[in-house]
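1. build me a model:
(one chain, ligands or ions: 1)
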Amino acid sequence: MLNKESKWVRAYTNIAFIKYWGKKDETFILPQNNSLSLTLDAFYTETKVTFDSELKADVLWLDHVEQDEKALKKAQVILDIVRQKAGLEDCAKIESINHVPTAAGLASSASGLAALAGAASLAAGLDLSKTELSRLARRGSGSASRSIYGGFAEWQQGTSDADSFAVPIDDADWDIGMIFIIVEDAQKEISSTEGMRRVVETSPYYEGWLASTATDLAAIKTAIAEQDLAQVGEISERSALKMHALNLSAHPPFNYWTPETIKAMQKVEDLRAQGYPVYLTMDAGPNVKLICKASQMEELKNILLQDYHADQLVLAKPGPGLQVLEDEQE
Ligand code: 2P0
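-> Just a heads-up that it's a prediction; the model follows:
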């Protein structure tokens, strides 16, 4: 047991290069396949937890606004595990600030739940290893398991709660970056949880997804070790497009794209035709992310400014893992 410390903890978001798209167990959030992501420096969440015997219920303040019970639900899964581990009964106040460079509404459950796992365990006096933090973050949101680490991390699916966690793969201290093209900031209509469920239950292609993802994962780990951007990009693009193909093949079918998504996808092809090593990835929403050389991001941004406003373009480099901040925030 450490002292109980209410400190701000920062976690950066991550974007998957090999996607997590399906659960084996919804309660413990055990995935159907291993996934692999890059933690990025452009988006992060800072969170502080205070356990307080005076409180009558858990409360969550996000960006200085008190949230309703629905927003608290994922957070309470983590709080309850921490309380049980620490033998605590007090309710908690969670204060959380999302740092997003534009008004793009890109709040991320990955950074949010990873920061909460760090802050809640610290506030309860638990001294958790990174592996334990990754397992704890996973219970809030699968992708959060990967944001414990900087650079490339792989979430190993494991067989149970005990062995499903992320491990660091590479610090990504080489020439790789990401450009976010924000085509829309609206909330998605079909949550990741619902989308994954529908795909696992109904897509006739799901077995193909699982078999080919194992191949993609092995290939991308080799490409990362060789710092081979073209291979990393090609494999990532393939993984993202297959994930979106699963959605189209579900019953009933769904997709996250808008006409602007397709235009941005076309733009990536145009840039590639011009000789730039640029590859796309997309998640459970309409925005398109470009995997590219960090050293070419400014040049690429200048080209993209012909079609997009500056506030639609966010440049990101590899980011660090979970950090405990020593200074009082805000
Ligand atoms: C990923 N996504 O690997 C995939 C690709 C979105 C597309 O993980 O249900 O918030 O809380 O475990 O982690 C987003 O879903 O889902 C996600 P839950 P999560 O990044």
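2. for the rest of this, base every contact and every neighbour count on C-alpha atoms.
-> Fine.
3. what number of residues lie near the residue of the stretch 201-330 of the chain found nearest the ligand?
-> Residue nearest to the ligand within the stretch 201-330 of the chain: Asp283 (4.0 Å; CA to the nearest ligand atom). Asp283 is flanked by 21 other residues according to other CA atoms under 10 Å.
4. ok, it - contacts?
-> Ala240 (CA atoms under 8 Å, 6 or more residues apart in numbering).
5. the same query, at a cut-off of 10 Å, please.
-> By CA atoms under 10 Å, 6 or more residues apart in numbering, Asp283 lies in contact with 15-17, 19-21, 192, 240-241, 243-244, 256-257, 289.
6. Ile179 now?
-> Listed by CA under 10 Å, 6+ apart, the contact set of Ile179 reads 278, 280, 288-294, 297-298, 300-301, 304, 312-317.
7. can I get the buried part of those as one ChimeraX selection?
-> A single ChimeraX command is used to select the members of the contacts of Ile179 judged buried by 16 or more other CA atoms under 10 Å:
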select :278,280,288,289,290,291,292,293,294,297,300,301,304,312,313,314,315,316,317
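8. mind checking which of the contacts of Ile179 land in helices?
-> In helices, judged by DSSP state H, the following of the contacts of Ile179 are found: Met297, Glu298, Leu300, Lys301, Leu304.
9. which one of these is nearest to Asp185?
-> Nearest to Asp185 among those is Leu304, at 18.4 Å by CA to CA.
10. hang on, the closest one packs against Leu290?
-> No. Contact status for Leu304 versus Leu290: not in contact, 11.2 Å apart, counting by CA atoms under 10 Å.
11. now for the two: what residues contact both?
-> By CA under 10 Å, 6+ apart, the residues touching both Leu304 and Leu290 are Ile179, Ile181, Ala264, Val268.
12. check contacts around the last one.
-> Taking CA under 10 Å, 6+ apart as the contact definition, Val268 lies against Ile262, Gln274, Tyr276, Pro277, Val278, Tyr279, Leu280, Val288, Lys289, Leu290, Ile291, Leu304.
13. closest one of these to Thr47?
-> Nearest to Thr47 among the contacts of Val268 is Lys289, at 26.1 Å by CA to CA.
14. now do Thr213 against Lys85, distance only.
-> Here the criterion is CA to CA, to the nearest Å. By it, Thr213 lies 35 Å from Lys85.
15. what residues does the stretch 1-150 of the chain have near the ligand?
-> Ile15, Ala16, Lys19, Tyr20, Trp21, Ile29, Ser109, Ser141, Gly142, Ser143 (CA under 6 Å from any ligand atom).
16. at 8 Å instead, please
-> Residues of the stretch 1-150 of the chain that fall close to the ligand, judged by CA under 8 Å from any ligand atom: 14-21, 23, 26, 29, 35-37, 108-110, 138-144.
17. could you do the stretch 201-330 of the chain as well?
-> Going by CA under 8 Å from any ligand atom, the residues of the stretch 201-330 of the chain near the ligand are Ala240, Met243, Met282, Asp283, Ala284.
18. let's see which of the residues you listed end up in strands.
-> Met282 (DSSP state E).
19. would you list the residues of the stretch 201-330 of the chain next to the ligand in CSV and tack on distance to Ala114 and pLDDT?
-> Supplementary listing: these in CSV, determined by distance: CA to CA, whole Å; pLDDT from 0 to 100:
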residue, distance to Ala114, pLDDT
Ala240, 23, 98
Met243, 24, 98
Met282, 21, 95
Asp283, 19, 94
Ala284, 19, 92
